[in-house]
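**Q** Sequence first, predicted coordinates after that:
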Amino acid sequence: MSSFETKATIRSFGGKLFKLTHPSPTTTTPMALNLYLPPAALTTPPSRVPVLIYLSGLTCTPDNCTEKGFFQSPASRLGLAVLYPDTSPRGLDIPGSKDAYDFGEAASFYLDATVPPYSAAYKMETYLTSELPSLLFSDAEFGPYLDGDRVSITGHSMGGHGALTLYLRHPGMYQSCSAFAPIVNPTECAWGVKAFRGYLGKEREAWKEHDAAELVRRLERGKELRVLVDQGKGDQFYKEGQLRTEELEFAVAVAGVKGVEVRYQEGYDHSYFFMATFSEEHVEFAAKALGLL
Ligand SMILES: N[C@@H](CCC(=O)N[C@@H](CS)C(=O)NCC(=O)O)C(=O)O
């Protein structure tokens, strides 16, 4: 008996895309997610394939990237599953949580909130690093297709922040991390300050635990990471100072950390047209770290 209810099964690039939902004790809500299984997994008996987790940006559901991220084609070719979780719990009656695109619903920043009213349910870090993998990788229906020991993470914008911070905060959990236009220094940008004040309270020291540039600065000299970042130079949010990509580069240089590549892409904006252009390279980057290439 599966823990997940299948809302749709869609044939895609020789594999299958499942739209799933499950009740989450961590977030106290139903949680939606999409799961793509490539043809390499769909053998008889099932074969376990590595998993790439994609975290979406502000305003998104699991469907945005599934429909226009262009991950399924390279994932099918290389033999990776792709897991698209949601961006926050939904349907809670928290005053103000649906009023703004950059806070509350679809804007969790992938952390565990510590101040009320969000602390009761906005526990996306625990959900993503503990509840969801243990449920999915041991699931009677989907577990036999997934190799829970070979997992990489990627994401866009707020999801890029999520991918980087979960990778840095949980060493060994992910074999690599990549990000499209990530928010790398949220303690110093308007989106991050608003979110962290609301989810973590006024104490700035607590915010730093969820800031990728801060976390990199604390690493031991010579530490080997496996990180790829793409940033469009025409990105309106980059130009406004929300993303602060250079702060990640400074942190890498100051800490003497290795294995972080940051690429600036001329003329590309913040949209899925940008990330879809480079998604094949990010799937290949993950596939190398996961031993598929
Ligand atoms: N809606 C916001 C922008 C939010 C936004 O650009 N979200 C990005 C992620 S940070 C996104 O992917 N949006 C959904 C989409 O493009 O499908 C605004 O009005 O400024």
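**A** Nice, I can see it.
**Q** Look up phi and psi at the residue positioned nearest the centre of the chain.
**A** Nearest to the centroid of the C-alpha atoms of the chain, with distances taken as Cα atoms, centre = their mean, sits Leu55, at 2.6 Å. Geometry field for Leu55 lists phi and psi as phi -100, psi 130, criterion degrees, to the nearest 10.
**Q** ditto for Tyr54
**A** The phi and psi torsions at Tyr54 (degrees, to the nearest 10) take the values phi -110, psi 120.
**Q** Got the confidence number for it?
**A** The model reports Tyr54 with a pLDDT of 99.
**Q** That one: neighbouring residues, count only.
**A** By the other Cβ atoms under 10 Å criterion, the neighbourhood of Tyr54 contains 31 residues. Placement of C-beta: from N, CA and C, glycine included.
**Q** picking that back up, relative to Gly192, how far out is the residue nearest to the centre of the chain?
**A** Counting by Cβ to Cβ, to the nearest Å, the separation of Leu55 from Gly192 is 15 Å.
**Q** Over to Thr28?
**A** For Thr28, the distance to Gly192 (Cβ to Cβ) stands at 25 Å.
**Q** More neighbours: which of the two?
**A** Legend: neighbour count by other Cβ under 10 Å for Thr28 and Gly192, higher for Gly192 (23 against 14).
**Q** Pull the contacting residues for the more buried one.
**A** Contact analysis of Gly192 by Cβ atoms under 8 Å, 6 or more residues apart in numbering lists Phe109, His161, Ile183, Asn185, Pro186, Trp207, Asp211.
**Q** let's see it at 10 Å
**A** Taking Cβ atoms under 10 Å, 6 or more residues apart in numbering as the contact definition, Gly192 lies against 102, 109, 158, 161, 183-186, 207, 210-211, 242, 244.
**Q** can I assume it sits in a strand?
**A** No - counting by DSSP: H, G, I helix; E, B strand; the rest coil, Gly192 is not found in a strand; it is helix.
**Q** How about the residue in the stretch 101-250 of the chain that the ligand sits nearest to: what's its closest non-neighbour residue?
**A** Per Cβ to the nearest ligand atom, Ser157 is where the stretch 101-250 of the chain lies closest to the ligand, at 3.3 Å. Counting by Cβ to Cβ, 6 or more residues apart in numbering, Gly57 is the residue found nearest to Ser157 once chain neighbours are left out, at 3.3 Å.
**Q** on that earlier part again, can you turn the buried part of the contacts of Gly192 into a PyMOL selection?
**A** Applied in PyMOL, the following selects the buried portion of the contacts of Gly192 according to 16 or more other Cβ atoms under 10 Å:
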select buried, resi 102+109+158+161+183+184+185+186+207+210+211+242+244
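**Q** Return the member of the contacts of Gly192 nearest to Asp63.
**A** Distances from the contacts of Gly192 to Asp63 were compared by Cβ to Cβ; the smallest belongs to Met158, at 16.1 Å.
**Q** which ones are touching that closest one?
**A** Residues in contact with Met158 (Cβ under 10 Å, 6+ apart) are 55-60, 87-88, 102, 106-110, 181-183, 186, 191-192, 195, 242.
**Q** try 6 Å this time
**A** Met158 makes contact with Gly57, Leu58, according to Cβ atoms under 6 Å, 6 or more residues apart in numbering.
**Q** sorry, back to before: mind checking the SS state of the residue nearest to Ser157?
**A** Counting by three-state DSSP, the backbone at Gly57 sits in coil.
**Q** Next, count neighbours for the closest residue to the ligand within the chain.
**A** Per Cβ to the nearest ligand atom, Gly57 is where the chain lies closest to the ligand, at 2.5 Å. Here the count is done by other Cβ under 10 Å, and Gly57 has 26 residues near it.
**Q** pretty sure it is touching His156, no?
**A** Yes - judged on Cβ atoms under 6 Å, Gly57 makes contact with His156 at a distance of 4.7 Å.
**Q** can you list residues touching both of the two?
**A** With Cβ under 6 Å, 6+ apart applied, the contact sets of Gly57 and His156 do not overlap.
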